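# no sequence for this one, just the structure:
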């Protein structure tokens, strides 16, 4: 079960409109526009130091430390008391939060899943 304080903050930030949704990576930037996946929002909330990973076709992809470019760094998953670097959800067509994100479920929907499942 996710730490209740981080869960509340994460759900609120996913619904806030502050973050633009991206897919495939925790965070990437094209020009000045930053996009995050649902897991990248949690990294951002926790103040991760984003490291430039690579640039392709004008898009710069970032990772959250040494072990996080498409899933949570282990340190963040542990800090938030998550059971996985890519938390699993049950009863949904896609079985992990990153799958929901990358299969066009919007942040509001994902926030509801987090409230119910984590």
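Structure received. This one's a predicted model, so the numbers in the text were calculated from it and none came from an experiment.
# So the residue most central in space within the chain: helix, strand or coil?
Residue closest to the mean C-alpha point of the chain, counted by Cα atoms, centre = their mean, is residue 39 at 1.2 Å. Assigned with DSSP: H, G, I helix; E, B strand; the rest coil, residue 39 falls in the helix class.
# My read is that it contacts residue 26, right?
Yes - in this structure, residue 39 is within contact of residue 26 by Cβ atoms under 8 Å, at 5.8 Å. From N, CA and C alone the C-beta is placed, and that goes for glycine too.
# Common neighbours of those two, please.
71, 72 (Cβ atoms under 8 Å, 6 or more residues apart in numbering).
# Would you check how far apart the residue nearest to the centre of the chain and residue 94 are?
14 Å (Cβ to Cβ, to the nearest Å).
# try residue 57
The value you get for residue 57 to residue 94, if Cβ to Cβ is used, is 27 Å.
# so who does the residue lying farthest from the centre of the chain touch?
Most distant from the centre of the chain: residue 57, at 22.8 Å, with distances by Cα atoms, centre = their mean. If you count contacts by Cβ under 8 Å, 6+ apart, residue 57 has none.
# in stretch 64-78, what's buried?
64, 65, 68, 69, 70, 71, 72, 73, 75, 76, 77 (16 or more other Cβ atoms under 10 Å).
# Which of the helices or strands spans the nearest residue to residue 42 once chain neighbours are set aside?
Leaving aside its chain neighbours, residue 42 sits nearest to residue 10 (5.3 Å; criterion: Cβ to Cβ, 6 or more residues apart in numbering). Using DSSP states H and E, residue 10 maps to helix 4-15.
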